[in-house]
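In: below are the sequence and a predicted model; questions follow.
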Amino acid sequence: MADQKLLGIDLGGTTAKFAILTLAGEIQQKWSIQTNILDEGRHIVPDIIDSIRHRLSLYGMTKDDFIGIGMGSPGVIDRKAGTVIGAYNLNWTTLQPVKEQMESALGIPFEIDNDANVAALGERWQGAGENNPDVTFITLGTGVGGGIIAEGHLLHGVVGAAGEIGHVTVEPENGFLCTCGKHGCLETVASATGVVRVAHKLSEEYAGDSKIKALIDDGAEVTSKDIFDAAKAGDAFALMVVDKVCYYLGLAVANIGNLLNPSDIVIGGGVSAAGEFLRERVQKYFDAFTFTQVRQSTRVKLAQLGNDAGVIGAASLARKFIK
């Protein structure tokens with residue numbers, strides 16, 4: 001068993017990423033394929049199966065070399081049945097029997113979970129979470145997602161909605177409308193698009209000199225990276241925007257800390273590329289909104305695994321098959 005491997009799959013709307021890992025979590029092989037979402041996504045699982053078969057042949061491996069396969073997927077996951085529905089960026093609008101297809105074709109035990117949960121497991125196991133039993137992960141990308149590991153267990157909730165940190169309300173009055181249907185969600189102000197939305201809102205009343213303000217006034221496209229880069233360069237308006245975003249993030253992170261008191265709250269995703277510049281400002285508001293014991297025991301960290309968090313976390317799902 002010591003030589004057997006784990007296989008992790010991180011399925012996204014653009015690519016499916018794969019990795020073969022040791023039982024200790026070391027990546028030995030990585031590859032990816034394009035996600036073909038045509039024909040209601042019916043090619044996705046067959047393409048994954050074909051790619052795995054091809055790679056195992058290439059590496060001289062068989063199904064007996066693997067403890068199991070784990071996958072992270074968008075959409076609503078039935079973990080017991082191994083099905084996915086409502087993954088609209090994959091064109092999966094009908095129920096997809098992913099586990100049944102994978103196990104039937106490959107003969108390897110299979111486990112699946114939500115992609116944000118899986119990324120949380122990856123950062124907890126091999127990243128900034130240092131394999132601690134109480135870790136919360138927040139990912140700041142196109143949206144805001146997350147996952148909560150409490151006392152060693154990934155929390156799912158009654159309908160799998162635990163860890164939806166993006167829908168924590170941070171602006172109860174006059175908040176932006178979220179895709180979920182309510183106003184003032186963290187996702188509306190701290191995602192990549194949310195940062196830009198905050199900038200447009202604040203620019204209406206800002207009268208000083210600013211490169212970012214001038215671009216917005218001219219109707220030019222501005223990204224969250226542009227705003228953070230300008231803030232780092234000392235642009236006063238961009239600094240105001242970043243401070244407002246970090247206020248919202250710090251408020252949400254502090255509420256998580258006060259509620260769960262994890263050892264680590266890990267921030268990842270594209271917006272987190274701003275690095276310590278972002279983290280230290282979130283920390284300032286975290287300190288302001290937490291009580292003493294939480295402030296002294298819960299650490300706010302940056303994610304370490306980048307794009308590998310998903311495949312590592314997915315592979316960790318298959319550790320349940322170790323006998």
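Out: Sure, I can see it.
In: C-alpha only now, for contacts and for neighbours.
Out: Will do.
In: in the helix or strand encompassing M102, what's buried?
Out: In this structure, M102 is located in helix 98-106 according to DSSP states H and E. Neighbour-count burial for helix 98-106 flags 98-99, 101-103, 106 (criterion: 16 or more other C-alpha atoms under 10 Å).
In: and if you look at stretch 143-154?
Out: With burial defined by 16+ other C-alpha under 10 Å, the residues of stretch 143-154 counted as buried are 143-150, 154.
In: D10 contacts A16, correct?
Out: Yes: using C-alpha atoms under 8 Å, D10 is in contact with A16, at 5.7 Å.
In: quick one, which of the two is more surrounded?
Out: A direct count of neighbours by other C-alpha atoms under 10 Å for D10 and A16 places D10 higher, at 28 against 22.
In: for the more buried one, give me phi and psi.
Out: phi -110, psi 100 (degrees, to the nearest 10).
In: need the buried residues of helix 98-106 in TSV with distance to A190, can you?
Out: As requested, the buried residues of helix 98-106 are arranged in TSV below (distance: C-alpha to C-alpha, whole Å):
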residue	distance to A190
V98	32
K99	34
Q101	37
M102	36
E103	39
L106	41
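In: with distance to V195 and pLDDT added, can I get those residues in a markdown table?
Out: Converted to a markdown table, the buried residues of helix 98-106 look like this (distance: C-alpha to C-alpha, whole Å; pLDDT from 0 to 100):
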| residue | distance to V195 | pLDDT |
| --- | --- | --- |
| V98 | 35 | 97 |
| K99 | 38 | 98 |
| Q101 | 40 | 97 |
| M102 | 39 | 98 |
| E103 | 42 | 97 |
| L106 | 43 | 97 |
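In: which one of these is nearest I48?
Out: Each of the buried residues of helix 98-106 was checked against I48 using C-alpha to C-alpha; the closest is M102, at 8.7 Å.
In: quick one, what contacts the closest one?
Out: Taking C-alpha atoms under 8 Å, 6 or more residues apart in numbering as the contact definition, M102 lies against 45, 49, 108, 110.
In: spit out the contact partners of the first one.
Out: Spelled out, it's V45. V45 makes contacts with 98, 101-102, as judged by C-alpha under 8 Å, 6+ apart.
In: ditto for the last one
Out: For F110, the contacting residues are 68-71, 99, 102-103, 318, by C-alpha under 8 Å, 6+ apart.
In: partner residues bridging it?
Out: Taking DSSP bridges, one obtains I69 as the residues bridged to F110.
In: any idea where the helices of the chain begin and end?
Out: In the chain, the segments counted as helices under DSSP state H are 38-41, 44-58, 98-106, 115-126, 187-190, 192-203, 211-217, 224-232, 236-260, 276-289, 292-297, 309-317.
In: what's the most buried one of those helices?
Out: Comparing the helices of the chain by mean neighbour count (mean count of other C-alpha atoms under 10 Å), helix 309-317 comes out on top with a mean of 31.
In: before we move on, the earlier item: got the CA positions of the helix holding M102 in PDB?
Out: Below are the C-alpha coordinates for helix 98-106, written out as PDB (Å, rounded to 0.1, in the frame of the first residue of the first chain):
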ATOM      1  CA  VAL A  98     -20.000  11.300 -12.300                       C
ATOM      2  CA  LYS A  99     -19.000   8.700  -9.700                       C
ATOM      3  CA  GLU A 100     -20.900   5.900 -11.500                       C
ATOM      4  CA  GLN A 101     -19.200   6.800 -14.800                       C
ATOM      5  CA  MET A 102     -15.700   7.100 -13.300                       C
ATOM      6  CA  GLU A 103     -15.800   3.900 -11.300                       C
ATOM      7  CA  SER A 104     -17.400   1.900 -14.100                       C
ATOM      8  CA  ALA A 105     -14.800   3.000 -16.600                       C
ATOM      9  CA  LEU A 106     -11.600   3.000 -14.400                       C
END
